[in-house]
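1. Generate coordinates for the sequence data below:
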Amino acid sequence: MHLLYLNVRLSLDTSRERVVGAQLRAGRRRRHRHSLLLSLTLTRFHTMRLCAACCATLDGSSTVPSHSEKPDSPQVDFPCGHSVCGACVRKRRRLAQACILCETANDMLASGSTRTSTASSSASRSASRAPSPPRYEDDKAAGDFVLGGDSDDDEEAPPAKETTASPPPPPPEVQADAQADDGSREEPPAYEAGGVGLGESDGKGAREQCALHHVRKDDTLQGLAFHYGVDGHVLCRLNKLPLSTLSTTPHLLHTKPFLLLPPTARRPSSSSEPVLPPALERKRLVVRRFQIATKCADWATAQAYVDQVWQARDAEARFVRENRCARGEGTEGDELEVRDGGELEEAVRAYEADERWEREQRNVKGKGALMRGEFGGGASPGARGWGWRS
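-> Model prediction:
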């Protein structure tokens, strides 16, 4: 019995060792497989090329954008090893000039200083080409007073140190004029014949004043700035509009009937006349002022009150013409003499009278009982529903 127990125990230990050995071997194989996959992944990651701008994978193939039939330009490779895809180069051409990962702040400042120096050199060239201001023909006379000239204080001042540099001699024409002058002049010196007179401009005398552009329904401030070649900020400042009218609030342009164009506009105004005839434009302004005075938000209601005033005045003018024709003082072909002025006040008075009448009617008590008694109807105290008289 004891021997049987030992044999069973030995067989169990052997099977347990066999299972543990199999598990250890499986774990070693699994770890080896994981390490192999990790090494392959790292190798692939190190050999993968990404775009320095958008981090897209660069596989060497050219993609065709959805909005064009032409494929993107090939990728740009830099000597540092970085690359930029064709899509980023198409969006920003500057990415193909230098690597954005290797470009330092000094490089950017150097490029900015180069652009600044170029702009300053062009400005100096344009300033050198600009016409010089007009000068006087004659020098001052011998007895003329000059601000900052010799005075008694100069005698008391200590002598200045002598300088080796001598002042440059005056031009020959100035010397000749100074020799020819033997006394003071009563008339002020005149400008040169080629100078520009006061109140004149070189070739732009007709554009000194600001022009008007009447706003149309499809106008935008940015479009008008491009059309006339004027800076949008100048238009905003000249017409007292916020700068947001150029971008986020373009509808604020239509709060003004017209815009002032500066004299530097590239072309004359293409909308110098009002869009509406003068009579209709005046009527439209009266309607707007009526809405402001009465706080009436309904355009149709405001226009109805203003039209009522216009129609009453037209009827009054026709009545006056008929009376004159009856007396023999005029003919039927005479023009109507419509009374002008005061339309806004009459329309506002009519609106306020209607509002007052509506408030009074709402405040009347027992209005329904009076109406039922007036028409002879009503409900009897002991009957249900309405009892109508036959």
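
2. At which residues are the strands of the stretch 1-150 of the chain located?
-> Assigned by DSSP state E, counting those that start in this stretch, the stretch 1-150 of the chain shows strands spanning 76-77, 83-84.

3. mind checking which of those strands is nearest residue 9?
-> strand 83-84 (69.5 Å; CB to CB). No exception for glycine: its C-beta is placed from N, CA and C like everyone else's.

4. counting contacts, what elements does that closest one pack onto?
-> Strand 83-84 sits against strand 76-77, with contacts defined as 3 or more CB pairs under 8 Å, 6 or more residues apart in numbering; DSSP states H and E.

5. and residue 52, how many residues sit next to it?
-> 21 (other CB atoms under 10 Å).

6. Let me see the contact set for it.
-> Listed by CB atoms under 8 Å, 6 or more residues apart in numbering, the contact set of residue 52 reads 82-84, 99-101.

7. and with 6 Å instead?
-> Taking CB atoms under 6 Å, 6 or more residues apart in numbering, we find residue 52 in contact with 82, 84, 100-101.

8. what would the strands of the stretch 1-150 of the chain look like in JSON lines with mean pLDDT?
-> Output for the strands of the stretch 1-150 of the chain, formatted as JSON lines (pLDDT from 0 to 100):
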{"stretch": "strand 76-77", "mean pLDDT": "86"}
{"stretch": "strand 83-84", "mean pLDDT": "88"}
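
9. hey, which of those strands is tucked in deepest?
-> Of all these, strand 83-84 has the most neighbours on average by mean count of other CB atoms under 10 Å, namely a mean of 20.

10. on that earlier part again, could I get the strands of the stretch 1-150 of the chain as a markdown table with distance to residue 20?
-> As requested, the strands of the stretch 1-150 of the chain are exported to a markdown table (distance: least, CB to CB, whole Å):
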| stretch | distance to residue 20 |
| --- | --- |
| strand 76-77 | 56 |
| strand 83-84 | 53 |
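
11. Residue 362 is nearest to which of those?
-> Residue 362 lies closest, by CB to CB, to one member of those: strand 83-84, at 75.2 Å.

12. Now tell me what touches that closest one from outside.
-> Strand 83-84 is contacted by residues 49, 51-53, 58, 75-77, 95 when judged by CB under 6 Å, 6+ apart.

13. mind listing the helices for the stretch 1-150 of the chain?
-> For the stretch 1-150 of the chain, applying DSSP state H, counting those that start in this stretch gives helices covering 2-47, 86-91, 105-129.

14. Okay, domains of this structure per the record?
-> Taking automatic domain parsing as the domain assignment, the ranges for the chain are 48-111, 210-275, 281-358.

15. Would you single out the least confident of those domains?
-> The minimum mean pLDDT among the domains of the chain belongs to domain 48-111 (a mean of 76).

16. Surely residue 281 is within a helix?
-> Yes - with DSSP: H, G, I helix; E, B strand; the rest coil as the criterion, residue 281 is part of a helix.

17. count of residues packed around it?
-> 14.

18. about what we covered before: the strands of the stretch 1-150 of the chain: which one's closest to residue 361?
-> Distance to residue 361, taken as CB to CB, is lowest for strand 83-84 among these, at 78.2 Å.

19. returning to what we had before: dump the contacts of strand 83-84 to CSV, plus distance to residue 338.
-> CSV is the format used below for these (distance: CB to CB, whole Å):
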residue, distance to residue 338
49, 83
51, 75
52, 76
53, 71
58, 80
75, 77
76, 76
77, 82
95, 70
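
20. Pick the one among those closest to residue 263.
-> residue 95 (42.4 Å).

21. Please tell me how far that closest one sits from residue 74.
-> The spacing between residue 95 and residue 74, counted by CB to CB, to the nearest Å, is 13 Å.

22. So for those two, which sits in the more crowded spot?
-> Comparing residue 95 with residue 74 by other CB under 10 Å, the one with more neighbours is residue 95, at 19 against 12.

23. so the more buried one touches residue 86, yeah?
-> No - assessed by CB atoms under 6 Å, residue 95 is found out of contact with residue 86, at 10.3 Å.

24. which residues do those two both contact?
-> When contacts are counted by CB under 6 Å, 6+ apart, residue 95 and residue 86 have no shared neighbour.

25. Can you show me the strands along the stretch 201-350 of the chain?
-> Secondary structure of the stretch 201-350 of the chain (DSSP E, counting those that start in this stretch): strands at 211-214, 258-261.

26. can I get these in a markdown table with distance to residue 317 and mean neighbour count?
-> Listed next are those as a markdown table, based on distance: least, CB to CB, whole Å; neighbours: other CB atoms under 10 Å:
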| stretch | distance to residue 317 | mean neighbour count |
| --- | --- | --- |
| strand 211-214 | 29 | 18 |
| strand 258-261 | 31 | 19 |
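
27. would you turn those into CSV with distance to residue 277?
-> Putting the strands of the stretch 201-350 of the chain into CSV (distance: least, CB to CB, whole Å) gives the following:
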stretch, distance to residue 277
strand 211-214, 12
strand 258-261, 15
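
28. Quick one: closest of the ones you listed to residue 10.
-> Set against residue 10 and scored by CB to CB, these come closest in strand 258-261, at 108.1 Å.

29. residues making contact with the closest one?
-> Residues from elsewhere that reach strand 258-261, judged by CB under 6 Å, 6+ apart: 210-214, 228, 238-239.

30. got a pLDDT number for residue 172?
-> pLDDT, residue 172: 57.

31. ditto for residue 381
-> 52.

32. same deal with the one 4 residues further on?
-> As predicted, residue 385 sits at a pLDDT of 52.

33. Check residue 130 too.
-> pLDDT for residue 130: 55.

34. Please apply the same query to residue 196.
-> pLDDT, residue 196: 44.

35. Buried ones among the contacts of residue 52?
-> With burial judged by 16 or more other CB atoms under 10 Å, the buried subset of the contacts of residue 52 is 82, 84.

36. ok, which pair from the contacts of residue 52 is furthest apart?
-> The distance between the two most remote of the contacts of residue 52 (CB to CB) is 9.9 Å, for 84 and 101.
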